[in-house]
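Participant: Provided below are the primary sequence and the corresponding predicted coordinates.
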Amino acid sequence: MRQPAFFFPGFVCFLCLLLSAACSRPPSPLAELPVVPLSEDAETVPFPPGQHGALFVSTMPGDIATLNPLISEDASSGAAISRFLEGLTTLDPETGEIIPRLARSWDISPDGLQFTFHLRRGLVWSDGHPFTSADVVFTWRDAFYTKQLDPATGQPVIDPSTGRPRLRFPSRPAFFQMIEGEEVQVEALDEHTVRFTLPQVYAPFLLFGGGQDILPRHILERHVADGTLLDAWSINTAIHRPRELVGMGAFLLESYRPGERVVFRRNPNYWRRDSEGQRLPYIERIITRIVGDSNASNVAFAQGLTDAEGLQPDNITWISRAAATHDFTIHELGPSNSTSFVWFNLNPGSSPEGRPFVAPHKMRWFSDVRFRQAVSYAVNRQGVVDGVFAGRATALHGYVTPKNRNWHNPDVRRFDYDPARARALLAEAGFVMRGNRLHDAQGNPVEFSLMTNNNNNLRTEMATVFAENMAALGIRVELQFIDFNTIIRRTSESFNYEAALLGLAGGAPDPYASKDILMSDGRLHFWNPQQASPATEWEARIDELMRLIGRELDNDKRRAAFFEVQEIMAEQQPLIFLVTPNEYVGLRNRWQNVQPTPLGGVLWNFDALWARPN
Amino acid sequence: MFAFILRRLLTLIPMLLGVTFLVFVLMSLAPGDFLTPIKMQRDVPAELIAELEREFGLDRPWYVQYGYWLGNVLQLNLGYSWSFKVPVTDLIGSRLFATFLLSLTSLLFAWCIAIPLGVLAAIYKDSIFDRVSSFLAYAALSIPEFFLALLAVWFAAVTGLFPIGGATSIEHDFLSAGGRIADRLYHLVLPTIVLGIGGIAGLMRIMRANFLDAIRSDYVQTARAKGVPEGWVMFKHVLRNAINPLVSAFGFSFSSLLSGALIVEIVMNYPGLGTLIYHSLLREDQFVVLAAIMLSCTMLVLGNLLADICLAWSDPRIRLESRD
């Protein structure tokens, strides 16, 4: 008779078998990549020579979703992709100017329509295959612009709503690399020269087009041929065939364990060297652990488990206590490029049932510039900085944060905390105090609801301070902390709201990237999106200036125009800016060649960082 | 027997239909969809959003989407993950093992502790051992899993005795085969305890009650009367009869093998199916969520089926007949 007790030893054996099956995976054989000698055209970096071989450990909040730059949406995937792919140009982390990367130099035709890039000679992909203009042409013409063909007729399928041919691989970069919906003509003049002909003058092309990651033709062309380009380079590739992830970046993916870690190895064929002719990068391996969220990631750094970490302002105090024990330094980089702002719904339309989005008497207040200015004067930004961010933030007065030195206009009208002026402006606009409540000229008490997303405690705290500041003016603010998706739906589809507090992160390096926010027909023109024609004169002026910024090649004129945009935004206060958190990066002291810049951060010269091998 | 199994498997079909229908309705009622987050980004052209909505079918009413999905499932195609762009089956397959392993070890842990404790508590009924063990069992039962998980993370962080999260250490790939198994086990210790401890109390109380019932029965009296040694009576007669409800409980545990670890995985950052499902739900990556829910429903039915079969195997008095 069998006893149930026999069940358990069998169970244990089964478990051990499972374990050994899981653990017997050999490390991937990246070591045998063919190494092609450095070419004469390799870039020499201006840092003291270092030593190869160190291991760099970091964390990322959240798993990667893909390694395909065409479909990557989240920050973790983007960070992983930027390790192994590069573009023709990039931004100088000190001056903010556009500097060469894979292209050695470029010429722009006098009419501003033709950009000719001269690629560095003798460069090879990480697998040793030569890097040529064919790869650049492939990236645009095949990966981005391939059309969807009708299987019956063989003709491109036309999208009835736009009247343009449908793309076979619709992706964010593909649409991004079109100018007003028109394609850029790309041709290889010779093996190392490639010419882009634009359909119309497009000022940010050198940055947006030049900064586009170049894809390896010899690896991806079969995916274009069989129509699987968007499915290529998925996490399955990363798990089973990491060698297919070929790039021009300093590192290559060596292995990936879902939900656990991504391991990068140095690219033996990288194209930069130090002054002694040693090939970069110095770091042998990067091990990036995937942790649940940015708090967990901060904790790991504070315990000395990782080498570098972007630290949240509210975590600095306790993390800095561990600085001596774990031998790290917290670099303060000043204001970040994240913004936070309050805006009022200025959409004059009505719902399908004929109900106006905003009650008419409230719309009268919101659309009065004096009301918005009074609100702005009444916001105690320094109070938010001190109370919510413990002093680790900067009061924000304009659309561009001070971090973006090249485009930040420091002289816009400032609305420093001044309740007396706020009251004077409200009185001028016909508002009167009755008891301790503010009323408009028609006798309506002034009150509105303000929504922000409930999963961001910094925002809910800012909203609370804002409501208290308004209460001091006699305005009652009803706070609504709700789900982010609901906010998006209410601000962009149903328009059923009065005011909202949200933020934008990752300030764009070129002002034209803000056109969807600033131009009146823009999708993200928060206060009144997608207008058929500008509702106000100042919005019309901003539209005009933004169009100029799009087609003007002269940098000084572009800057002057964008400065004027910021002045109008500050004067009119359609977005009432609050604060920008400061940026902090922690780095272990063993790393050499560290030269933090406000624009580039601490790790911008990652390929030149080195430490004694551990 | 065969008819019984077939009948049980057939009940899966209406159940899966109902559950997936419910999930589809709920997800379509929830505000926003998979594309909502990218609508807030400044460099996403409206054309791309329209294109993606068309591609994912999000521009259609939910019942049309459900119909398409059902059609694909009938052709054994569970669909694509929108965020990962890989087939859902691949995605779940890549995470399945870690969760399976954790559930198995915690099951083993719970059983290995609960059965002897329950038996001892019954044999030494009303002794100090019985009182203490039931007190501890209730204490363990009353601590919520997520809180215990937080405590475990805190414990690991403060003492440094155990790793904080993960299933393997960063040196894993450079270790010998034995080292890798040890590394894996080392990372399993805390999640196993947290996940297993809640189950101990229930199992132990069931074991104790059944054991007491069996001890009082006539055949035990008979066995004792004819001079069978006490140990033999306990293990040959009492335990055999007391174990039946636990076999049923095993079936339920089996059903939670792949889905029960969700909270523990998330809090302790264990890279299994739970974390994947949770993040997919947050991102409204609906085919992943649907597949995961179908998986747990199937496991529930299979687990109960398995329990019934085990019961028939362990107790010759039970026969699995179709009740026609």
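Facilitator: Alright, I've got the coordinates.
Participant: Give me the next element, helix or strand, following the lengthiest helix in chain B.
Facilitator: Of all the elements of type helix in chain B, the one with the most residues (DSSP state H) is helix B:177-215. Moving toward the C-terminus from helix B:177-215, the first helix or strand encountered (DSSP states H and E) is helix B:218-225.
Participant: Report whether the helix or strand just after that following helix contacts chain A.
Facilitator: Using DSSP H and E, the next helix or strand after helix B:218-225 towards the C-terminus is helix B:230-232. No: if you take Cβ under 8 Å from any Cβ of the partner chain as the test, helix B:230-232 misses chain A, and the best it gets is 12.6 Å. (Each C-beta comes from the backbone N, C-alpha and C, glycine too.)
Participant: So, low pLDDT: which residues of chain B?
Facilitator: Under the criterion of pLDDT under 70, the regions of chain B flagged as low confidence span B:42, B:255-260, B:319-324.
Participant: Report the separation between the residue in the stretch 51-200 of chain B that chain A sits nearest to and B:Ala167.
Facilitator: With Cβ to the nearest Cβ as the measure, the residue in the stretch 51-200 of chain B that lies nearest chain A is B:Arg180; the distance is 3.5 Å. As defined by Cβ to Cβ, to the nearest Å, B:Arg180 lies at a distance of 11 Å from B:Ala167.
Participant: which one of the two has more residues nearby?
Facilitator: B:Ala167 (26 against 22; other Cβ atoms under 10 Å in any protein chain shown).
Participant: and the closest residue to A:Ser320 other than its chain neighbours, what does it touch?
Facilitator: Of all residues not flanking A:Ser320 in the chain, A:Ile330 sits nearest, at 5.7 Å (Cβ to Cβ, 6 or more residues apart in numbering or on different chains). A:Ile330 makes contact with A:Leu311, A:Ile316, A:Ile319, A:Ser320, A:Ala323, A:Tyr584, A:Val585, A:Gly586, according to Cβ atoms under 8 Å, 6 or more residues apart in numbering or on different chains.
Participant: Report how many residues lie close to the closest residue to chain B within the stretch 201-350 of chain A.
Facilitator: Relative to chain B, the nearest point of the stretch 201-350 of chain A is A:Gly259 (2.6 Å; Cβ to the nearest Cβ). Other residues near A:Gly259 number 26, with proximity taken as other Cβ under 10 Å.
Participant: Check the one 3 residues further on too.
Facilitator: One way to gauge burial is a neighbour count; for A:Val262, by other Cβ under 10 Å, it gives 26.
Participant: And for the one 3 residues further on?
Facilitator: A count of nearby residues for A:Arg265, using other Cβ under 10 Å, gives 21.
Participant: same thing with B:Ala152?
Facilitator: Count around B:Ala152 with other Cβ under 10 Å applied: 21.
Participant: next one: A:Trp527
Facilitator: Neighbour count for A:Trp527, taken as other Cβ under 10 Å: 21.
Participant: Let me see the contact set for it.
Facilitator: Contacts of A:Trp527 by Cβ under 8 Å, 6+ apart are A:Trp343, A:Phe344, A:Asn345, A:Leu346, A:Asn347, A:Pro574, A:Leu575.
Participant: who's in contact with the last one?
Facilitator: It refers to A:Leu575. For A:Leu575, the contacting residues are A:Phe341, A:Val342, A:Trp343, A:Tyr399, A:Phe526, A:Trp527, A:Met569, taking Cβ under 8 Å, 6+ apart as the criterion.
Participant: Cross these against strands and list the overlap.
Facilitator: A:Phe341, A:Val342, A:Trp343 (DSSP state E).
Participant: Who wins on neighbours among those residues?
Facilitator: Neighbour counts for these (other Cβ under 10 Å) peak at A:Val342, which has 24 neighbours.
Participant: you'd agree that residue is up against A:Glu498?
Facilitator: No: judged on Cβ atoms under 8 Å, A:Val342 makes no contact with A:Glu498 at a distance of 10.9 Å.
Participant: tell me, what's touching those two both at once?
Facilitator: By Cβ under 8 Å, 6+ apart, A:Val342 and A:Glu498 have these common neighbours: A:Leu450.
Participant: Please report the distance of the residue nearest to A:Ser320 from A:Arg321.
Facilitator: Distance from A:Ile330 to A:Arg321, counting by Cβ to Cβ: 11 Å.
Participant: tell me the contacts of B:Val288?
Facilitator: The neighbourhood of B:Val288, defined by Cβ under 8 Å, 6+ apart, consists of B:Ser81, B:Phe84, B:Val88, B:Leu91, B:Ile92, B:Leu276, B:Ile277, B:Ser280.
Participant: for the lengthiest strand in chain A, what is the average pLDDT?
Facilitator: Selection of the longest strand in chain A by residue count, based on DSSP E, yields strand A:579-588. The average of the pLDDT scores along strand A:579-588 is 94.
Participant: what lines up beside that strand in the sheet?
Facilitator: strand A:308-311 (antiparallel), strand A:328-335 (antiparallel), strand A:393-395 (antiparallel) (DSSP bridges).
Participant: between the contacts of A:Leu575, which is nearest B:Ala291?
Facilitator: A:Phe526 (36.9 Å; Cβ to Cβ).
Participant: who touches that closest one in this structure?
Facilitator: Applying Cβ under 8 Å, 6+ apart to A:Phe526 gives the contacts A:Trp343, A:Thr491, A:Ala500, A:Leu502, A:Ile517, A:Pro574, A:Leu575.
Participant: check contacts around the first one.
Facilitator: So the one you mean is A:Trp343. A:Ala499, A:Ala500, A:Phe526, A:Trp527, A:Pro574, A:Leu575, A:Ile576.
Participant: How about the fifth one: what's its closest non-neighbour residue?
Facilitator: Spelled out, that is A:Pro574. A:Trp527 (4.8 Å).
Participant: before we move on, the earlier item: quick check on the contacts of A:Ile330: which are buried?
Facilitator: A:Leu311, A:Ile316, A:Ile319, A:Ser320, A:Tyr584, A:Val585, A:Gly586 (16 or more other Cβ atoms under 10 Å in any protein chain shown).
Participant: Can you dump the C-alpha atoms of stretch A:46-56 in PDB for me?
Facilitator: Taking Å, rounded to 0.1, in the frame of the first residue of the first chain, the C-alpha atoms of stretch A:46-56 are listed here in PDB:
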ATOM      1  CA  PRO A  46      39.300  64.900 -24.300                       C
ATOM      2  CA  PHE A  47      39.700  63.000 -21.000                       C
ATOM      3  CA  PRO A  48      42.800  61.600 -19.200                       C
ATOM      4  CA  PRO A  49      43.400  57.900 -20.200                       C
ATOM      5  CA  GLY A  50      41.900  55.300 -17.900                       C
ATOM      6  CA  GLN A  51      42.000  51.600 -17.300                       C
ATOM      7  CA  HIS A  52      39.700  48.900 -18.700                       C
ATOM      8  CA  GLY A  53      37.800  46.200 -16.900                       C
ATOM      9  CA  ALA A  54      35.500  47.700 -14.200                       C
ATOM     10  CA  LEU A  55      32.000  46.500 -13.500                       C
ATOM     11  CA  PHE A  56      29.200  49.100 -13.300                       C
END
